[in-house]
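Trainee: coordinates only, sequence not included:
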């Protein structure tokens, strides 16, 4: 039998000529986009409450009171949704030795010499950092968010702690937006990526170019005899 | 100014006007508004006002609390006794002012002081609530110094609660708007003094121009010095730019004794950091990241999959699986095995 | 008050003892803060608790409840010993120089002539030596061993500071510090004002507490002075009016006496009221008693009161006992000897002592009528409220009729404040629901009763049938009509007594004031002291001129003050023997060589020469009294008496319990507890957030002070395992209550006679009706014994025990 070290069980080659690989199952994609939509709503409502010039965005939610009411609810739902995503993805996002080598040669990547980088499994370091970044930032935001959730937890923490929570929450929000920008731009810049989250599939070339170990393992797993 | 408009809000005189007057405090008097970077300049400068609370004259009778409830038509709940004269137990969105009681024994003399302080909004020159508020115009400061909450614009976030260095604003759990002492801006705008000052039987609460109140306080401090209160002082903390509610404190060197009146209040550095650098640096960082991405996409080639990559992939797959038709591809072998 | 509220701002020193002015009289206390702020006046508070008044005081000392006499006598002793005496004042304006009969004496805590069987003194020796000239003998050098001054010196001699501490628990150093402060006001140009209230009256020797301070004030020369005086702070907006109008069982309006059973006719009644001067040339204003009495009788019965029928003297009820005070009434009620009780503006179930007895007594009535704006506990005494009113409703057969009445703002009328100002007020609101004015209710009842007498006759219908009832609407007398009747008018034309051709007042006109009243039936006046309130100048009570020409807060044209719009009583005493003010900077009145002039209405005949006539014109002596002769049942000098329930025995006589001449009903003796069973001293009081049992019906007041609590020291709480904010039970033989505990540093254990004494303070404001949380009152625990002279219940000192407890079940 083939070890599954670089791939999820649902990953598989679904076509050979040309090669196409299933990268994300339908439920993962739904999960991702659900989370993404919530995060967009969170950004819109959160930024409205953070930057006076963006306060008009509360109009999207039917005014300041509604935006204030909805934002933490979005937050909790987003975190639960992300939690599901996390449970699906965390294992393959654990750091590996080749990530260090990969990181050390990041300039080659940007210069268009990806071939000089080591072969990778399902995720490169950038993707992993986005994953873990979002994980920790969301955790931070949900924790600090509860502390400043006036409507339901008005007395959870003291006012000095609450001030820190507000500061931490806003810094985490800014950082998470930066992470999301990196995430989105990387997906765009690395052509052929977005289909992984839309159709669920990537081309064999994309897989070979960016996640060769993953492609190899997926192929090998399909070569193995059926389980007993 | 129309015939029956009140004179510009200055001071409560002993016999304030009794005729109906139009309020004379408006948008043109606003000098600071929350979340409003481009506030138009005020159309006039009103005289600075202040309420002076002379703790040495205060008998803790709570007439001020009572007047506050009546005037503002609030409905604090009838609670229980918690082992103190303080009732209600805390400020609330229905109780804008509260007598706080502290029993203090001077460690040197052993003498007891029952320190009674009327707690409530201090109307800071540099209001932390206003700084923290995200809703444009929900908190305003008038040029006479009154800091007022505009309930229609309040979104109920509670940021002002964190912003306030004195722990004053309270959220209504039902209306989801925050409330506090308005310094009776509605009364002041028609030439009356605050309800609490009006009700105070011993004139421990007086109201007038800030200059007059400071002068009055000086007299009181001289009197207190003559009664053995060598450290009697005016509480007008510079850390918040001074306040429009001030205290005469007999034990002026230890304001904390008065139920935790902060010795040197100022807007917390954390709040400053949140509303200052985090906002500006955060905005800049996000902007830079977005611009950087755009520029990168313009000036560099995207990372494309090449024909070669596709060929290599097909070779790799064929090497492993052998020639397979798409339709023959098996489902993953280890499904359910993990 | 001898002075007025506004006069307090003229003082140099305020002593609040036996009261809690800031808390119970916050609006009047304003004048203390004025005196402090503008005159640099100092404020002393002496109280078992560190009160809200103490919070703004310059000096505070604790005292054990019920020991004020020892404290005050100690203070007088210190003043004499340290020559802090206003000698000229004492010699001329008090009875210090009067020689007292040889039989008067004091030993073992008792005066001469005590009879334990009758619980009374033989007072015949408590009087002056009357000389051959018919006047009291005096020794103006104060050398005579039997002069009042030397008797006083001897009397107070045992109250050394150490003895004061032993009895009262006030530490000697604090006592001496206060003595120094008070002593300064012996200077002619320094004054002290005494502000007191129920902390002094609600004792079995309340009258003597007040006398103690009055004597001190006289020795310091502070009576009659601006910023001086004995200032009783009245507990209701109109309780001064209540006493003025004679709403006491033994009084008629204007402090005239209700006749006794022994005074069978008018001549007998008047024979003991001749009030001839005891010194040559004195005024002895009560000589006018017949004028006031006849005018009152004419107001009552009009044409039915004629000289031939003793002015209808036989219509008056006669007292068979000294007093039908509230204690006696409820004692009789509890004995089943009262069938019908009208309870108007009163809440006995919470106000009167020994609530268990009150409940039992009310349960024995056939009919209880309450006339009140509120649902009082009394009107609901039969209703079971769990632990809060644990009665067996089914067993109570009393029929209760509640007649809803109005509050002050729902009617015109006047309120008489502590400073004797009759302040007219105007209706601001229409009474709610079926509420009716008290006057309407009384008139309607009267008309129906009179009709019954008309139809059915009866044993003695005359006083009812002949009652003068001259109102435009018989069923609804107006406040204006009543006020005019109180002022009085000429029934026939009144002529000058010295010049019979000179008309003083035309028939039918309002009299100017009581100086125009006559004893020949030509005038009528409902209450002579109020005469002048509504004369031909109109309603003087409605005056609202706040001009203050003297700058001393006299406000002579603001409302009207009895008597004669005089703001400071005994103001002649503010001047020396030549009529020059002791303190020219605070001149009240002065002698200009021909007459008395100044900033107030002189309390003396305007042309009475200063050397001739003494300043205390109501007294036959012309002076004030350090020695009160036989006028007080419990002695001519105040002497230390323990409360009936006391943690320590009387140091002078361990056998003596309470006031030896106070009336004690047989049935209550068994309910008195000892300090062995009930080691802690309970005391009752008001809080500023509430007014008696009324404001708990008001939402705002209920918010500000929602729940019954008791206050106790940190030390006692530790000893008993009581936590702050926790529940406690407080009990004695008469009852048991549960309360929240407020553990405070403001009450400290006292050391009295070597014993640690803990005080438990109990505010009075809670019951089982109204908006506030249900609670109890201290009257469940207080003793059913009153002051020996006026029967004010001893609610300020009683014994209790205390323990941690659980929330009561409603």
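Mentor: Sure thing, it's come through. The structure displayed is predicted, hence computed values, not measured ones.

Trainee: Buried residues in the longest helix seen in chain A, which are they?
Mentor: In chain A, assigned by DSSP state H, the helix with the most residues is helix A:159-189. Neighbour counts over helix A:159-189 (16 or more other CB atoms under 10 Å in any protein chain shown) mark A:162-183, A:185-187, A:189 as buried. Placement of C-beta: from N, CA and C, glycine included.

Trainee: what helices or strands is it leaning on?
Mentor: Under the contact criterion of 3 or more CB pairs under 8 Å, 6 or more residues apart in numbering or on different chains; DSSP states H and E, helix A:159-189 touches helix A:26-50, helix A:125-147, helix B:159-163, helix B:269-275, helix B:277-299.

Trainee: Flag the shaky bits of the chain, pLDDT-wise.
Mentor: Using chain A here. For chain A, residues meeting the criterion pLDDT under 70 lie at A:1-2, A:224-228.

Trainee: my question was about chain B
Mentor: B:1-3, B:8-15, B:327, B:330-338.

Trainee: just the helices in it please.
Mentor: Counting by DSSP H, the segments of chain B that form helices are B:63-72, B:128-132, B:159-163, B:185-188, B:195-199, B:210-225, B:269-275, B:277-299, B:307-321.

Trainee: contacting residues around the last one?
Mentor: For helix B:307-321, contacts defined as CB atoms under 8 Å, 6 or more residues apart in numbering or on different chains pick out A:13, A:16-19, A:203-209, A:212, A:215-216, A:219-220, A:222-223, B:324.

Trainee: Mind checking which of these are in helices?
Mentor: Reading helices off the contacts of helix B:307-321 with DSSP H, I get A:204-209, A:212, A:215-216, A:219-220, A:222-223.

Trainee: Show the buried residues in those residues.
Mentor: Of these, these count as buried by 16+ other CB under 10 Å: A:204, A:205, A:206, A:207, A:208, A:209, A:212, A:215, A:216, A:219, A:220, A:222.

Trainee: nearest spatial neighbour of the fifth one, skipping sequence neighbours?
Mentor: The one in question is residue A:208. Leaving out its chain neighbours, the residue that sits closest to residue A:208 by CB to CB, 6 or more residues apart in numbering or on different chains is residue B:313, at 3.7 Å.

Trainee: Let me know the distance separating that neighbour from residue A:124.
Mentor: 17 Å (CB to CB, to the nearest Å).

Trainee: Grab the nearest non-local neighbour of whichever residue of chain B sits closest to chain C.
Mentor: Closest approach between chain B and chain C, counting by CB to the nearest CB: residue B:83, at 3.1 Å. Leaving aside its sequence neighbours, residue B:83 sits nearest to residue C:725 (CB to CB, 6+ apart; 3.1 Å).

Trainee: May I have the phi/psi pair for residue C:633?
Mentor: Residue C:633 adopts backbone torsions of phi -70, psi -20, taken as degrees, to the nearest 10.

Trainee: Show the contacting residues for it.
Mentor: By CB under 8 Å, 6+ apart, the residues touching residue C:633 are C:120, C:121, C:123, C:661, C:788, C:789.

Trainee: Help me confirm that the fourth one comes into contact with residue C:634.
Mentor: Yes. The criterion here is CB atoms under 8 Å, and residue C:661 meets it with residue C:634 at 5.0 Å.

Trainee: what sits in contact with each of the two?
Mentor: Common neighbours of residue C:661 and residue C:634, using CB under 8 Å, 6+ apart, are C:121, C:788.

Trainee: what's stretch C:721-729 in contact with?
Mentor: Applying CB under 8 Å, 6+ apart, the external contacts of stretch C:721-729 come out as B:81-84, C:710, C:712, C:716-717, C:736-743, C:802-808.

Trainee: can you do 10 Å?
Mentor: For stretch C:721-729, contacts defined as CB atoms under 10 Å, 6 or more residues apart in numbering or on different chains pick out B:80-84, C:709-710, C:712, C:714, C:716-717, C:720, C:736-744, C:760, C:800-808.

Trainee: Low-confidence ranges, chain C, go.
Mentor: Low-confidence segments of chain C (pLDDT under 70): none present.

Trainee: Show me which strand runs longest in it.
Mentor: strand C:736-744 (DSSP state E).

Trainee: Following it in sequence, what is the next regular element?
Mentor: Of the helices and strands lying after strand C:736-744 in sequence (DSSP states H and E), the nearest is strand C:750-752.

Trainee: what lines up beside the helix or strand that that following strand is followed by in the sheet?
Mentor: Heading C-terminal from strand C:750-752, the first helix or strand you meet, by DSSP H and E, is strand C:755-757. Sheet pairing here is set by DSSP bridges, and for strand C:755-757 it gives strand C:750-752 (antiparallel).

Trainee: What residues sit buried inside the partner strand?
Mentor: Counting neighbours by 16+ other CB under 10 Å, one finds that the buried residues in strand C:750-752 are C:750, C:752.

Trainee: Repeat that for stretch C:464-473.
Mentor: For stretch C:464-473, the neighbour count (16+ other CB under 10 Å) marks C:464, C:466, C:468 as buried.

Trainee: Please, which helix or strand holds the first one?
Mentor: Taking DSSP H and E as the definition, one finds residue C:464 inside helix C:462-465.

Trainee: which strands and helices sit next to that helix?
Mentor: helix C:289-301, helix C:438-456 (3 or more CB pairs under 10 Å, 6 or more residues apart in numbering or on different chains; DSSP states H and E).

Trainee: Quick one: name whatever helix or strand follows that helix.
Mentor: Next element after helix C:462-465 (DSSP H and E): helix C:479-487.

Trainee: you'd agree residue C:286 is up against residue C:255?
Mentor: Yes. Counting by CB atoms under 10 Å, residue C:286 does reach residue C:255; the two are 9.5 Å apart.

Trainee: what sits in contact with each of the two?
Mentor: With CB under 10 Å, 6+ apart, residue C:286 and residue C:255 have common neighbours C:292, C:618.

Trainee: So in that sheet, which strands flank the longest strand of chain C, and in what orientation?
Mentor: Using DSSP bridges, strand C:736-744 pairs in its sheet with strand C:709-713 (parallel), strand C:727-731 (antiparallel).

Trainee: about what we covered before: neighbour count: residue B:313 and residue A:124, which is higher?
Mentor: Neighbour tally, residue B:313 and residue A:124, criterion other CB atoms under 10 Å in any protein chain shown: the higher count belongs to residue B:313, 29 against 23.

Trainee: Could you tell me the single residue of chain C that sits nearest to chain B?
Mentor: Nearest to chain B in chain C, going by CB to the nearest CB, is residue C:725, at a distance of 3.1 Å.

Trainee: Is that residue in a helix, a strand, or coil?
Mentor: coil (DSSP: H, G, I helix; E, B strand; the rest coil).

Trainee: Distance check, it against chain A.
Mentor: Note on residue C:725: its distance to chain A, by CB to the nearest CB, to the nearest Å, is 19 Å.
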